[in-house]
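Participant: I'll drop the sequence and a predicted model, then ask my questions.
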Amino acid sequence: MADYIIAIDQGTTSTRAIVFDHSGSIVSTGQKEHEQIFPRAGWVEHDPMEIWNNTREVIGQALSKADITRHDIQAVGITNQRETAVVWDKTTGKPVYNAIVWQDTRTQSIVDRLANGDVERYKEKVGLPLATYFSGTKIVWILENVDGAREKAEAGDLLFGTTDTWVLWNLTGGVDGGVHATDVTNASRTLFMDLETLAWDDSILADFNVPRSMLPEIRSSSEVYGQVEASSLLREVPVAGILGDQQAATFGQAAFDTGESKNTYGTGNFLIFNTGEEIIRSKNGLLTTLGYKLGDAKPHYALEGSIAVTGSLVQWLRDNLGMIKSAAEVEELAKTVDDNGGVYIVPAFSGLFAPYWRPDARGAIVGLTRYVNKGHIARAALEATAFQTREVLDAVNADSGVDLTELKVDGGMIANNTLMQFQADILGVPVVRPVVAETTALGAAYAAGLATGFWKDLDDLRGNWQEDSRWTPNMEDTERERQLRLWKKAVTKTFDWVDEDVQ
């Protein structure tokens, strides 16, 4: 048996390849950022060809750093930014347009048209409200706005995929027999998949006017989809696991059972609560989504609270305002003050996601006085992440009827101890960080390794999880309630900003 699994993590800001051993420990990593393209306000794009080229490069980096070859790799797992839409010509292998990123809001008019006053018209079937966030409306935009796209799609020449599908298709041969498939977790983020049948819904596709021929085959999260093509450094290695990034992080946290959860702190924040084999339809602004499906076994479902802007708020302080030179500096700047100085930042850069779903909202900094300095702004930026997580967790507790007793965390921002302590304080429950923080890539590796026998079963994976750090709340109840009251007041200041002539 080969000694390792390699996971490709195609994320919002970069693509990584990470090699894992049987204990779930990281052996080596390759990483490369890709360009963030902002053609106009509210538009966010990536170049799919750059992503694919970077994928090949980071695979080489990871193998080289570990001094191993394809013979040492048993399987490939893929995880990805979930709702980002790629449409390409299957005869040339070239995208017809840039990838439209999950944060992009250009499709609001399409959402309004399809909703016709009811954004929840498909929610019972697909678990999602109509929103610019999901990939279905992005396909419609491409078909309606890219010259020749509609005709090519109707002729059966165009393929759609989220970035897992794009990477899989290219990795397994592209125009020469590439596998056009996705897993249930990514399919559940399109607005097109029936939660019960796990199949594309023809009536919804008809409403969107999207040809079914564009869509990938829906498969489980853990099975052999195909072999890596002959020119790759990984040639003949099976691709055997696919999970959308947030479901992958949940899997990597070994949160396999009903009632278990995790919160990922990345570009945005995503809290997932495992509801087991039961579909719970949220009454509190959460999404109902697929958690995972292992081969022929029954699917596991989840509730999700999606927050659009958390880590990207720190990037904004760095790149747009020049307040810091690196993301890590935000903690040092925040520690120069004792509190937020009365400042609250609501980062509704692309509207508000869970639990509000307000596309008309835009970002606001409130509570400014002459006393406030950049340290207060930095602290308020970190606290915005924690406040948004608290609101999502309240919704999870209300929907599930079970109060969470601790929160497992992962993602880049969990290295920030100031944020983690404030998170525990504002939640009123402990926050727990695992030894292996790269749980997104680890989850994809686990799915691939289960399919190929590298790991025996879920108990094998549970044994790998280890606690690294724990933060316990030390904020007085009255102070917590005061802070939450002011946060909620700040949120209301962002509503109703966008109208006909404001973007």
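Facilitator: Looks like it came in fine.
Participant: Could you find the closest non-adjacent residue to residue 126?
Facilitator: What sits nearest to residue 126 in space, not counting adjacent residues and going by Cβ to Cβ, 6 or more residues apart in numbering, is residue 191, at 5.6 Å. All C-beta spots, glycine's among them, are computed from the backbone N, C-alpha and C.
Participant: Give the buried residues for the helix or strand hosting residue 113.
Facilitator: Using DSSP states H and E, residue 113 sits in helix 108-115. Buried residues in helix 108-115, counted by 16 or more other Cβ atoms under 10 Å: 108, 110-111, 114.
Participant: Identify the residues contacting that helix?
Facilitator: With contact meaning Cβ atoms under 8 Å, 6 or more residues apart in numbering, helix 108-115 is reached by 119, 121, 130-132, 137, 140-141, 144, 207-208, 359.
Participant: As CSV, could you dump the C-alpha coordinates of that helix?
Facilitator: Taking only C-alpha atoms (Å, rounded to 0.1, in the frame of the first residue of the first chain), the coordinates of helix 108-115 have been written out as CSV:
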residue,chain,number,x,y,z
GLN,A,108,-29.4,40.1,-8.1
SER,A,109,-31.7,41.1,-11.0
ILE,A,110,-31.9,37.4,-12.1
VAL,A,111,-32.7,36.4,-8.5
ASP,A,112,-35.5,39.0,-8.4
ARG,A,113,-36.9,37.8,-11.7
LEU,A,114,-36.9,34.1,-10.7
ALA,A,115,-38.2,34.8,-7.2
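Participant: Buried subset of the contacts of helix 108-115, written for ChimeraX?
Facilitator: What follows is the ChimeraX syntax for the buried subset of those, where burial is set by 16+ other Cβ under 10 Å:
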select :119,130,131,132,137,140,141,208,359
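Participant: Now render the contacts of helix 108-115 as a markdown table, adding distance to residue 292.
Facilitator: Formatted as a markdown table, the contacts of helix 108-115 follow (distance: Cβ to Cβ, whole Å):
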| residue | distance to residue 292 |
| --- | --- |
| 119 | 27 |
| 121 | 27 |
| 130 | 25 |
| 131 | 23 |
| 132 | 26 |
| 137 | 26 |
| 140 | 28 |
| 141 | 30 |
| 144 | 34 |
| 207 | 28 |
| 208 | 26 |
| 359 | 29 |
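Participant: Mind checking which of the contacts of helix 108-115 land in helices?
Facilitator: Secondary structure from DSSP state H places 137, 140-141, 144, 207-208 of the contacts of helix 108-115 in helices.
Participant: ok, which pair from those is furthest apart?
Facilitator: 141 and 207 (15.1 Å; Cβ to Cβ).
Participant: Next up, the contacts around residue 284.
Facilitator: The neighbourhood of residue 284, defined by Cβ under 8 Å, 6+ apart, consists of 355, 394-395, 398-399.
Participant: Next, format the contacts of helix 108-115 as JSON lines and append distance to residue 484 and pLDDT.
Facilitator: As requested, the contacts of helix 108-115 are exported to JSON lines (distance: Cβ to Cβ, whole Å; pLDDT from 0 to 100):
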{"residue": "119", "distance to residue 484": "27", "pLDDT": "91"}
{"residue": "121", "distance to residue 484": "33", "pLDDT": "94"}
{"residue": "130", "distance to residue 484": "29", "pLDDT": "94"}
{"residue": "131", "distance to residue 484": "25", "pLDDT": "92"}
{"residue": "132", "distance to residue 484": "28", "pLDDT": "93"}
{"residue": "137", "distance to residue 484": "33", "pLDDT": "97"}
{"residue": "140", "distance to residue 484": "38", "pLDDT": "97"}
{"residue": "141", "distance to residue 484": "37", "pLDDT": "98"}
{"residue": "144", "distance to residue 484": "42", "pLDDT": "97"}
{"residue": "207", "distance to residue 484": "40", "pLDDT": "96"}
{"residue": "208", "distance to residue 484": "39", "pLDDT": "97"}
{"residue": "359", "distance to residue 484": "24", "pLDDT": "86"}
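Participant: shouldn't residue 141 be in contact with residue 98?
Facilitator: No. Between residue 141 and residue 98 there is no contact under Cβ atoms under 8 Å: 11.5 Å.
Participant: Return the distance of residue 392 relative to residue 457.
Facilitator: Between residue 392 and residue 457 the computed distance is 31 Å (Cβ to Cβ, to the nearest Å).
Participant: These two: which has the busier surroundings?
Facilitator: Of the pair residue 392 and residue 457, residue 392 is the one with more neighbours under other Cβ atoms under 10 Å, namely 26 against 9.
Participant: quick one on the thing from earlier: what's the burial count for the residue nearest to residue 126?
Facilitator: Taking other Cβ under 10 Å as the neighbour definition, residue 191 ends up with a count of 29.
Participant: Looking at residue 494 now. What's its pLDDT?
Facilitator: What the model reports as pLDDT for residue 494 is 94.
Participant: tell me the contacts of the residue lying closest to residue 402 once chain neighbours are set aside?
Facilitator: Of all residues not flanking residue 402 in the chain, residue 259 sits nearest, at 5.8 Å (Cβ to Cβ, 6+ apart). The neighbours of residue 259, taking Cβ under 8 Å, 6+ apart as the test, are 273-274, 276, 400, 402.
Participant: State the three-state secondary structure for residue 259.
Facilitator: Per DSSP: H, G, I helix; E, B strand; the rest coil, the local secondary structure of residue 259 is coil.
Participant: same check, this time on the one 5 residues further on
Facilitator: Per three-state DSSP, the secondary structure class of residue 264 is strand.
Participant: Tell me the bridge partners for it.
Facilitator: Residue 264 has these beta-bridge partners by DSSP bridges: residue 270, residue 410.
Participant: who's in contact with it?
Facilitator: Contact partners of residue 264, counting by Cβ under 8 Å, 6+ apart, are 245-246, 249, 270-271, 409-411, 439-440.
Participant: do that again at 10 Å, thanks
Facilitator: Residue 264 sits next to 245-246, 248-250, 252-253, 270-272, 307, 310-311, 408-414, 439-440 when contact means Cβ atoms under 10 Å, 6 or more residues apart in numbering.
Participant: Of those, which belong to strands?
Facilitator: Residues of those located in strands (DSSP state E): 270-272, 307, 408-410.
Participant: biggest separation within the buried residues of helix 108-115, which pair?
Facilitator: Maximum pairwise distance among the buried residues of helix 108-115 (Cβ to Cβ): 10.9 Å, between 108 and 114.
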